[in-house]
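A.B. asks: show me how the following folds:
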Amino acid sequence: MTLAATLALAAALVGVIMPRVLALHPPAAPPRLMLVGWLASIAAFIFLALSAVVVVAWPDHAPAEGITDIWIRCLSSAQHTMAPWISEIAFGAAVLAATFFLGRFTAVGRRQHRSRTKVRGYHDDILTIVARTKHDPGSRYPVLWLDHPLPFAYSIAGSPGLVIATEGLNTCLTPAEAAAVLEHERAHLHGRHHRILALCAILARTLPMVPLITRAPAAISMLVELDADRAAARRTSPADVRSALCRVLAEQGDSPAVHAVGYAPTARDIEATNDRRLQVLSAAAAPSPRRLTYAAAALLPLTAAAVSAVITMAALSAVYCIFIT
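C.D. replies: Reported below is the predicted structural model:
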């Protein structure tokens, strides 16, 4: 039980503290680095929580239980004197919770998969007939052009992914700006942003009580837009991306300017995302981080939570040894 408690505490620390830490990132921080931080935090939370369940359900002593006992001897010895029914209740509760959330995750995932399949089927059956299909030799994603005066574009994941654009892009924007919009949508497909946001949306519906999980869709929705802008700016220029965004916002008026890629943002989220995109595109582009920096960002949540949990459990053990035993 000692190791399970440590893992559960580490999961709780990640789930509660990490969203506040990630919200403090500076505006100049590369969006992909912050995206790695969010995804690593989610992965760390799931890994630690599942590990705690496995340790509780493990017969006798789980592997590495002895290593933890070196750090927390008093609390571990107290566990051995614990009434057997306490361990049985913990085991039953852990298995029941894991079964419930796994079933909920599966049900939500199936509903979302059916919805996404229906949307993709509509585009394959209808838009591929009424729209003009244009294949760019430099891209593997075809573009479907619709005869509509309002300038907008969005992307649909699949095999292959699709970019849907309107003729309003060609009439309201310059060729460089229209190209920037298309590169932005291709970046969504290339970065698998649809799948990332779809998974975050499923987790948010499955675990609505975890702050990290519930805040992830909105935060990651903004980050994938910033990441797509950054990718489009590399293929065109930051000025073209920013001017294209300004023109699209001006032409659309009250219509949504940010198109969901697996998650439906609120009006406030859309406004905040557009303001942030314009702010970042106006500033000097930060250099791309090295691979070692991405690796550090991926390992930081798990390492920090594990160390904090061990220190906290050791402190509790010391309190127990001094004041109780």
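A.B. asks: helix or strand with the lowest mean pLDDT in this protein?
C.D. replies: helix 65-71 (a mean of 48; mean pLDDT, DSSP states H and E).
A.B. asks: so residue 169 belongs to a strand, correct?
C.D. replies: No: per DSSP: H, G, I helix; E, B strand; the rest coil, residue 169 lies outside any strand segment and is helix.
A.B. asks: helices of the stretch 1-150 of the chain, start to end?
C.D. replies: Counting by DSSP state H, counting those that start in this stretch, the segments of the stretch 1-150 of the chain that form helices are 2-22, 31-57, 65-71, 73-80, 84-122, 128-130.
A.B. asks: again but with the stretch 151-300 of the chain, I slipped
C.D. replies: Ranges of helices within the stretch 151-300 of the chain are 168-172, 175-190, 193-206, 211-235, 238-252, 267-282, 291-323, based on DSSP H, counting those that start in this stretch.
A.B. asks: make JSON lines out of those and add mean neighbour count and distance to residue 105.
C.D. replies: Using the backbone N, CA and C atoms, a C-beta is placed for each residue, glycine as well. What follows is the helices of the stretch 151-300 of the chain, written out as JSON lines (neighbours: other CB atoms under 10 Å; distance: least, CB to CB, whole Å):
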{"stretch": "helix 168-172", "mean neighbour count": "18", "distance to residue 105": "38"}
{"stretch": "helix 175-190", "mean neighbour count": "22", "distance to residue 105": "24"}
{"stretch": "helix 193-206", "mean neighbour count": "21", "distance to residue 105": "4"}
{"stretch": "helix 211-235", "mean neighbour count": "22", "distance to residue 105": "11"}
{"stretch": "helix 238-252", "mean neighbour count": "19", "distance to residue 105": "35"}
{"stretch": "helix 267-282", "mean neighbour count": "16", "distance to residue 105": "24"}
{"stretch": "helix 291-323", "mean neighbour count": "15", "distance to residue 105": "21"}
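A.B. asks: tell me which of these sits nearest to residue 31.
C.D. replies: When the helices of the stretch 151-300 of the chain are compared by CB to CB, helix 211-235 sits nearest residue 31, at 3.7 Å.
A.B. asks: show me what that closest one is packed against.
C.D. replies: Other elements packing on helix 211-235 under the criterion 3 or more CB pairs under 8 Å, 6 or more residues apart in numbering; DSSP states H and E are helix 2-22, helix 31-57, helix 175-190, helix 193-206, helix 238-252, helix 267-282.
A.B. asks: show me where the protein dips below the pLDDT cut-off.
C.D. replies: Residues of the chain meeting the criterion pLDDT under 70: 1-2, 58-95, 120, 123-125, 128, 137-138, 253-264, 313-325.
A.B. asks: break it down into its domains, please.
C.D. replies: 1-82+294-325, 112-288 (automatic domain parsing).
A.B. asks: rebuild those as CSV, extending it with distance to residue 103.
C.D. replies: Below are these laid out as CSV (distance: least, CB to CB, whole Å):
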stretch, distance to residue 103
domain 1-82+294-325, 14
domain 112-288, 9
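A.B. asks: quick one on the thing from earlier: let's have the helices and strands packed on helix 211-235 in TSV, adding distance to residue 302.
C.D. replies: Shown next, in TSV, are the helices and strands packed on helix 211-235 (distance: least, CB to CB, whole Å):
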stretch	distance to residue 302
helix 2-22	8
helix 31-57	4
helix 175-190	27
helix 193-206	17
helix 238-252	34
helix 267-282	28
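A.B. asks: return the distance of residue 237 relative to residue 177.
C.D. replies: 10 Å (CB to CB, to the nearest Å).
A.B. asks: same question for residue 242.
C.D. replies: From residue 242 to residue 177 the distance is 9 Å (CB to CB).
A.B. asks: what's the closest non-adjacent residue to residue 144?
C.D. replies: Excluding its sequence neighbours, the residue lying closest to residue 144 (CB to CB, 6 or more residues apart in numbering) is residue 131, at 3.9 Å.
A.B. asks: cool, residue 215 as well?
C.D. replies: Going by CB to CB, 6+ apart, residue 215 has residue 19 as its nearest residue, at 4.6 Å.
A.B. asks: and if you look at residue 139?
C.D. replies: residue 186 (5.7 Å).
A.B. asks: and that neighbour, what does it touch?
C.D. replies: 139, 141, 155, 163 (CB atoms under 8 Å, 6 or more residues apart in numbering).
A.B. asks: which residue is the nearest non-sequential neighbour of the third one?
C.D. replies: By that I understand residue 155. Nearest one to residue 155, counting by CB to CB, 6+ apart, is residue 185 at 4.2 Å.
A.B. asks: and that neighbour, how far from residue 288?
C.D. replies: Going from residue 185 to residue 288 by CB to CB gives 21 Å.
A.B. asks: ditto for residue 180
C.D. replies: Residue 180 is 19 Å from residue 288, by CB to CB.
A.B. asks: wait, doesn't residue 41 sit right on residue 303?
C.D. replies: No: between residue 41 and residue 303 there is no contact under CB atoms under 8 Å: 11.6 Å.
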